[in-house]
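A.B. asks: sharing a model prediction with you, sequence too.
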Amino acid sequence: MAGRKDEELTDVTLLGNQGTPYSFEYNPEILESFDNQHPYRDYFVKFNCPEFTTLCPKTGQPDFATIYISYIPDEKMVESKSLKLYLFSFRNHGDFHEDSVNIIMNDLIELMDPRYIEVWGKFTPRGGISIDPYCNYGKSDTKYEKMAEHRMMNHDMYPETIDNR
């Protein structure tokens, strides 16, 4: 049976590691990537992360959210355990909801350089108001840039498979 070889996974150090350290401070360095075996094809990779927490930068109160990440990979992909640990590192990070989703997107762009990516935070209402920030990015001068523009202009911000109320 064909599969990945150990030499293809040298950058994946957290998966299978029983002594994984948890960072309680924002830590983008924990993100790991691996090679996309299908760079000739457009396909979405979607993560639903229902246990995201961060802190209000003013009050220090915890904010809770589900973070939805969808991307079309190019040469690199994010390893899911490292993504989980990275999102956990926001636990004591004080930032506004809008900043958090943009930081996540920026860090994933730096890690993978995907063709297209979108990050949506569905935050638990506080004081009767919910905030659901969304951001996206498509590589410049490509159909993915046009895709990002189209989704924003048409308010097509919610991932297709998500019931948004």
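C.D. replies: Cool, the structure landed.
A.B. asks: bridging residues for the residue nearest to the spatial centre of the chain?
C.D. replies: By Cα atoms, centre = their mean, the chain has its centre lying nearest to Ile69, at 4.4 Å. Beta-bridge pairing of Ile69 under DSSP bridges involves Phe47, Val119.
A.B. asks: ok, it touching Pro114?
C.D. replies: No - look at Ile69 against Pro114 with Cβ atoms under 8 Å: they stay out of range, at 10.1 Å. Where C-beta positions appear, they are placed from N, C-alpha and C, glycine not excepted.
A.B. asks: gap between Asn102 and Gly128?
C.D. replies: Using Cβ to Cβ, to the nearest Å, we find Asn102 at a distance of 25 Å from Gly128.
A.B. asks: ok, these two, which is more surrounded?
C.D. replies: Neighbours of Asn102 and Gly128, each counted by other Cβ atoms under 10 Å, are more numerous for Asn102; the result is 17 against 5.
A.B. asks: follow-up on the earlier one: so what's the residue nearest to the centre of the chain up against?
C.D. replies: Lys46, Phe47, Cys49, Leu83, Ile104, Leu108, Ile117, Glu118, Val119 (Cβ atoms under 8 Å, 6 or more residues apart in numbering).
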